[in-house]
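>>> Here you go, sequence then predicted model.
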Amino acid sequence: MNKDKFTLSDLSALLAEKSGFSQKISEDFLKVFFELIENGMMSKDTVKIKDLGSFKLQWNEARKSVNVNTGEEIVISGFWKVVFTPDAELKEAVNEPFAHLEPVVLDASDEPKTTKLPVSESIDPLKVLNDQASEIRNILSEISSIGQEDEIKPVADDKSASELISEMKEEEVIQEDLEEVDEDLVDDLELSDHLAQEKEKTPVVEKPLQTKKSKSPKKVSVGVFISTIIGVMVLTALAIFLYFTEMSTVKHEVQRRIIRKTIVLVHKNKVADSTLTAPVVQATPIPVTDDLSTISRNYTKSLGSEELKSGVRLTRLAVKYYGHRDFWVYIYEANPTILKNPDVLPEGKTINIPEVDKRLIDKENRKCIDFARSLQFKYLKNNK
Amino acid sequence: MKQKDLLEGISSRLQIAEEDAGLLVDTAVKLISEALKDGKSIGIQGFGNFEVKKKEERLSVHPSTKIRTLIPPKLVVSFKHSIILKNKLKDLPQ
């Protein structure tokens, strides 16, 4: 611990230097300073010091525990504890070495590490293994050279030529396998163990054991190699699958939006169509419109109110309340303050559905519809 | 307890002006912060020690959304009160 580095006297010396006050005053000041903090805390207050932090007392309830030596139950009595919470600036200043790091959300497949200063940590294991691999190769070359020497001696005695040839082949295979060693880390260590054992036994004439051992690492390495390939293939297949499913969900979203937009467009077109037909209608039966225009349109009574959520259309409301969508004009007329533009429905507002004279909203009557449409044309024209 | 009260207390005890007390407090706080920033610990006799501790990085799982987050390592300031203070506190009522 560096506790001896900074004591009260060290602090006071520095304080005297920096503040310009005498050593004595600095020392006294610090003593009083901490005393006052203590007193403040004792009166159950939170002592807050700017840029440093806050000190307060916290009560810990009594709890049951066990005596570690005897094993009998004891009770830890309740006590007061001093709690210090550093200020934000102090926290940041202290955490400077790690300030650049941020929490990282992990995916299911990989686990990226937060960037660390000692990057060499990740390189070292590989380097060590490469060294190991080269060492193993050296050892093997030695083995094979020794093997050739030994071969000459016992040929006459115990071994047949075929056995020796098979041994040679297996050793060659071992060497080939070792070139694949770099791919699998765990396997390397196992291999090295196996081969270390091999190395010990070569000087002695324990050839039959050697042949058995030389088989196992070969099988093990090939087996694990195949499984890693399969694993990689499975992972890539998963990734592609996920990618495509994501794409399909995106497609769905896009499709939905397109459909919605087309519906809106179609709706607008229909409204536009009705307005186009309106002038034609207006030209011929002039007396008809006069009949209906004389009917007063005072919207005193109300059939109900509707909240303007997204997707609400005046035409739909007109269908709901009056039986025909062209009668939306009357709703529009009844809410002049909210509906300034018949195309724009301010979201969240509530509009009043008025009770309209029955003669005006007779959906069977051709004249009613035409009259309503003429009104529509008037309003839509004004807003353009 | 507010900073003002602290300054009043200091000025009355030491017979110095409140302004000076304020200056002293500021410099003292700055010194403590700098020392902690350098990783040094500060020990005040009869009060306690301020230490800088390292928190290792850890994997945390959000309980409802199950999102796994890797929280990076960090350095924090901790304060441990001394035994003398602890004994003083024993006399306090609950």
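Right, received. Where do you want to start?

>>> looking at chain A, which helix or strand is least sure?
Lowest on mean pLDDT, DSSP states H and E among the helices and strands of chain A sits helix A:185-201, with a mean of 52.

>>> quick one: what helix or strand has the residue lying closest to residue A:99 once chain neighbours are set aside in it?
Computed as C-beta to C-beta, 6 or more residues apart in numbering or on different chains, the closest residue to residue A:99 that is not its neighbour in sequence is residue A:92, at 6.9 Å. Every residue, glycine included, has its C-beta placed from N, CA and C. Using DSSP states H and E, residue A:92 falls within helix A:88-94.

>>> Would you list the phi and psi of residue A:75?
The phi and psi values for residue A:75, taken as degrees, to the nearest 10, are phi -120, psi 120.

>>> Need the CA coordinates for stretch B:26-36. PDB is fine.
The C-alpha trace of stretch B:26-36 is given here as PDB (Å, rounded to 0.1, in the frame of the first residue of the first chain):
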ATOM      1  CA  ASP B  26     -10.400  24.400  -2.700                       C
ATOM      2  CA  THR B  27      -6.600  23.800  -2.800                       C
ATOM      3  CA  ALA B  28      -6.900  20.900  -0.400                       C
ATOM      4  CA  VAL B  29      -9.600  19.300  -2.400                       C
ATOM      5  CA  LYS B  30      -7.500  19.800  -5.600                       C
ATOM      6  CA  LEU B  31      -4.500  18.200  -3.900                       C
ATOM      7  CA  ILE B  32      -6.500  15.200  -2.800                       C
ATOM      8  CA  SER B  33      -8.000  14.700  -6.300                       C
ATOM      9  CA  GLU B  34      -4.600  14.900  -7.900                       C
ATOM     10  CA  ALA B  35      -3.100  12.500  -5.500                       C
ATOM     11  CA  LEU B  36      -5.900  10.000  -6.100                       C
END
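
>>> what residues does the helix holding residue A:92 touch?
Here helix A:88-94 makes contact (C-beta atoms under 8 Å, 6 or more residues apart in numbering or on different chains) with A:51-53, A:86, A:99, B:33, B:36-37, B:52, B:75-77.

>>> Which secondary structure state is assigned to the most centrally placed residue in chain B?
By C-alpha atoms, centre = their mean, chain B has its centre lying nearest to residue B:79, at 5.5 Å. With DSSP: H, G, I helix; E, B strand; the rest coil as the basis, the three-state label of residue B:79 is strand.

>>> Distance from the helix ranked longest in chain B to the middle of the chain?
Determined from DSSP state H, the single longest helix within chain B is helix B:18-37. Its chain's C-alpha centre and that of helix B:18-37 lie 13 Å apart, by C-alpha atoms, centre = their mean, to the nearest Å.

>>> same for that helix, what does it pack against?
Packing partners of helix B:18-37 (3 or more C-beta pairs under 8 Å, 6 or more residues apart in numbering or on different chains; DSSP states H and E): helix A:8-19, helix A:23-42, helix A:88-94, helix B:3-14, strand B:42-44, strand B:48-55.

>>> Any part of the fourth one near chain A?
Yes - interface with chain A: helix B:3-14 contributes B:3, B:5-6, B:9-10, B:13-14 (C-beta under 8 Å from any C-beta of the partner chain).

>>> Rounded mean pLDDT for stretch A:128-147, please.
When pLDDT is averaged over stretch A:128-147, the result is 83.

>>> Only the C-alpha atoms, please, for that stretch, written as CSV.
The C-alpha trace of stretch A:128-147 is given here as CSV (Å, rounded to 0.1, in the frame of the first residue of the first chain):
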residue,chain,number,x,y,z
VAL,A,128,4.4,-19.6,-28.2
LEU,A,129,2.6,-22.3,-30.1
ASN,A,130,4.5,-21.6,-33.3
ASP,A,131,7.7,-21.9,-31.3
GLN,A,132,6.4,-25.2,-29.9
ALA,A,133,5.5,-26.4,-33.4
SER,A,134,8.9,-25.7,-34.8
GLU,A,135,10.5,-27.4,-31.8
ILE,A,136,8.3,-30.5,-32.4
ARG,A,137,9.4,-30.5,-36.0
ASN,A,138,13.0,-30.4,-35.0
ILE,A,139,12.5,-33.2,-32.6
LEU,A,140,10.8,-35.3,-35.2
SER,A,141,13.6,-34.8,-37.7
GLU,A,142,15.9,-36.1,-35.0
ILE,A,143,13.6,-39.0,-34.3
SER,A,144,13.5,-40.0,-37.9
SER,A,145,17.3,-39.7,-38.2
ILE,A,146,17.7,-41.8,-35.1
GLY,A,147,15.1,-44.2,-36.3
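
>>> Okay, buried residues for it please.
A:129, A:133, A:136, A:139-140, A:143-144, A:147 (16 or more other C-beta atoms under 10 Å in any protein chain shown).

>>> Give the bridge partners for the nearest residue to residue B:32 once chain neighbours are set aside, please.
Leaving aside its sequence neighbours, residue B:32 sits nearest to residue B:42 (C-beta to C-beta, 6+ apart; 6.0 Å). Going by DSSP bridges, residue B:42 is paired in beta bridges with residue A:6, residue B:50.
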